[in-house]
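Trainee: quick check, what structure comes out for this input:
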Amino acid sequence: MARGRYAPSAGFFGSRRTLSLATLACIALSLVAVNIVAAPYSTARLDLTAQRLYTLSRGTKQTLAKIDEPITLRFYYSTRLGETVPSFAVYAQRVRELLDQYVAAANGKLRLEVFNPLAFSDVEDRAVAFGLQAAPLDAQGEQVYFGLAGTNSTDDQQIIPFFAPERERFLEYDLTRLVHALAVPRRTVVGLMTGLPLEGDMMAAMRGRPSQPMAIVEQLRQLNEIESLGPSADTIPPSVDVLMLVHPQNLSEQALFAIDQFVLRGGKAMIFVDPYSELQAARLPGHGAPAGVTTASDLDRLFEKWGLHLLPDVVAGDRRNARRVAVPVPGRGSQAMDYLAWINLRPANLNRDDVITAELGQITMASAGILEPLAGATTRLEPLITTAHESTKIPVEKVKGLPDVAGLLARFRPDDKRYILAARVTGTVDTAFPDGAPKPQEKPEKAGEAAAPPPPAAAPETPTMPVLKRSAKPINVIVVADTDILDERFWAQQQDYLGQRMVVPVANNADFVANAVEILAGGDDLIDLRSRGISVRPFVLVEQIQREADDRYAAEQQALEQKLKETQAKLRGLTSGGDAQAAAPSAEQTRTIEQFRTDMLATRQQLRAVQTALRQDIQWLKSFLKFCDIALIPIVVALAALVVGALRLKRGRRRRQPA
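Mentor: Numbers count the residues shown, from 1 in each chain. Predicted structure coming up:
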């Protein structure tokens, strides 16, 4: 009876096993029911990525909040594309989910329509009318679509012709740019004043060769109006919101005065100067500056009033951020070396407190100049881009033509100082023309020409803006000591996709320029999106190991290479004598030749040992990471299982022991 009092009862569930199975079934049914009910209403997600790549950015939310009138997005996706190429199905799902997030965050101002364009259907005709790009699916010519078309209440249209997988990292930027263009029709007017072929090579076009704008201008045109002012405009139209002055050379007094007054009246400017423009030098005969031709630019007359100075005839060399390039080596093809004048600036070199550079990942510059504040300046020079402490000044003559990359590296001595490569200038300034507007320059009369007729009677003058002696409010100017930052050779890769040129950025140069224009014009909605565009993270530790190995073994490697050259030269001298000598070398000559060959083989072995040592630490790191990824976690889980099993056995023995 005592045992029966405590025996488990056979109730409704019959046993503990039945009760457990019923509980699991109820939990499963509850999870399914919750997902079914919550799916249409839930857009929340947990984003654990370092750069918050799967969370709508602040710029996107601000853009969506600015929508005053309804915007319709039409997503055209051919399901046949996903059935044939599964990777497109995964990408299309991500696009659709992100579009659903946009709709949920727009508070009813954004409507999404999804279409599956079939061949020769009305839906396909509408996609073609919008300008979406069809992609051939097979040899039979079946066309598929994967694009987006947006319209607003005033029938403005914006499209993404095709969601190329290569631009998946920039998906949110492309979507928000499209919505921004429909929500804010008024575009920023950028006045472009430059002598460089940023808008296309006119000389090439005159010769019948294709000429197209540089990628930096094409990206700016996506959100702004570009108004070309010519290389030396005498006036700046009042419609210009931001002046973009690139490589100012030989500007007239009238042009300098126009820039001076534009800034003093509160106009925003972004100025690119350069002690050595490789973009300009590459277009000169022989890829160098002939005698009397300069590739430098400065705005010293205005800079002096603005409180800064561009160091003349020197460029910044940065050991820590030097870019690795292939250097030709006689008899050995090429060798990878760090070129001090070409630098990849990382987040540590970018101002994290300024919204322009706060979220950028990498800026690439080539032969960049150095900016310094002037003593007693009334302005504030806020650095945006700086070098590392392991930097030095390199004379411009050392980087012209074909620079001695190995020599610059061997002679490098750090100044232990950060140099400013780009900065924002703010504050109250005086004019650079205290005597007023300069008089127009008269054109000299050529011999034999008749004298110019007297000017007609003066017409009533139109009201002109007064000449300012001092800035009406604090100026806001961005100065960059490099023009090659705009050249896509250094920051992007060009690919041909379905017959169209596609620029795939590998650095944030274009984002830096676009951010600056947006901030100077008064808006920052798209900054977070551009800054999140580059998701590639550099192997910082590997690069540091490589630099340390280079520094450790560089001298030994150079000495061995020199010894090898001398040995080879001596060997050639002995084996390339006259016919008689070559036919019957003496015993001593034979021994000498054999000794030289032995020395040459030994030197080669030493060189191979040095090169192996260069890679040894990296190979060790690679092996360690492989071990962690493949074996460490299973080992930890197995050890944990053994420990838990041992504890359970020990606990079981204790229970079985009599009290």
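
Trainee: which ones are touching the nearest residue to residue 374 once chain neighbours are set aside?
Mentor: Spatial nearest neighbour of residue 374, excluding adjacent residues (CB to CB, 6 or more residues apart in numbering): residue 307 at 5.1 Å. No exception for glycine: its C-beta is placed from N, CA and C like everyone else's. By CB atoms under 8 Å, 6 or more residues apart in numbering, residue 307 lies in contact with 373-374, 377-379, 381, 425, 427, 429.

Trainee: which among those gets closest to residue 148?
Mentor: residue 425 (40.2 Å; CB to CB).

Trainee: quick one: mean pLDDT for the strand or helix carrying that closest one?
Mentor: Assigned by DSSP states H and E, residue 425 falls within strand 420-427. For strand 420-427, mean pLDDT is 96.

Trainee: and stretch 79-95, by the same measure?
Mentor: Per-residue scores along stretch 79-95 average to 91.

Trainee: and it, what's buried?
Mentor: Of all the residues in stretch 79-95, those buried under the rule 16 or more other CB atoms under 10 Å are 80-82, 88, 91-92, 95.

Trainee: ditto for stretch 154-166
Mentor: 158-164.

Trainee: would you confirm that residue 344 contacts residue 509?
Mentor: No: contact criterion CB atoms under 8 Å: residue 344 and residue 509 do not qualify, at 10.7 Å.

Trainee: more crowded one of the two?
Mentor: Legend: neighbour count by other CB atoms under 10 Å for residue 344 and residue 509, higher for residue 509 (26 against 21).

Trainee: how about the backbone phi and psi for the more buried one?
Mentor: phi -60, psi -50 (degrees, to the nearest 10).

Trainee: show me where the stretch 301-450 of the chain dips below the pLDDT cut-off.
Mentor: Low-confidence segments of the stretch 301-450 of the chain (pLDDT under 70): 441-450.

Trainee: helices of that one, residue ranges please.
Mentor: 405-410 (DSSP state H, counting those that start in this stretch).

Trainee: again with the stretch 501-650 of the chain
Mentor: Under DSSP H, counting those that start in this stretch, the stretch 501-650 of the chain gives helices at 509-521, 527-531, 540-575, 579-583, 587-627, 633-656.

Trainee: go through those and find the least confident stretch.
Mentor: helix 579-583 (a mean of 47).

Trainee: which ones are touching residue 521?
Mentor: By CB under 8 Å, 6+ apart, the neighbours of residue 521 are 188, 224, 241-242, 268.

Trainee: which two of the residues you listed have the greatest separation?
Mentor: 224 and 268 (12.6 Å).

Trainee: ok, those two, which is more surrounded?
Mentor: Neighbours were counted for residue 224 and for residue 268 using other CB under 10 Å; residue 268 has more, 23 against 20.

Trainee: is it true that the more buried one touches residue 245?
Mentor: No: applying CB under 8 Å as the test, residue 268 and residue 245 come out as separate, 11.5 Å apart.

Trainee: mind giving me the packing neighbours of the strand holding residue 425?
Mentor: Applying 3 or more CB pairs under 8 Å, 6 or more residues apart in numbering; DSSP states H and E, we find strand 420-427 packed against strand 371-373, strand 379-386, strand 475-480.

Trainee: list of residues touching it?
Mentor: 306-308, 316, 345, 354, 356, 365, 368-372, 377-387, 474-482.

Trainee: buried members of those residues into PyMOL, please.
Mentor: Remark: buried members of those, expressed as a PyMOL selection using 16+ other CB under 10 Å:
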select buried, resi 306+307+308+316+345+354+356+365+368+369+370+371+377+379+381+383+384+385+386+387+475+476+477+478+479+480+481+482
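
Trainee: cool, thanks, talk later.
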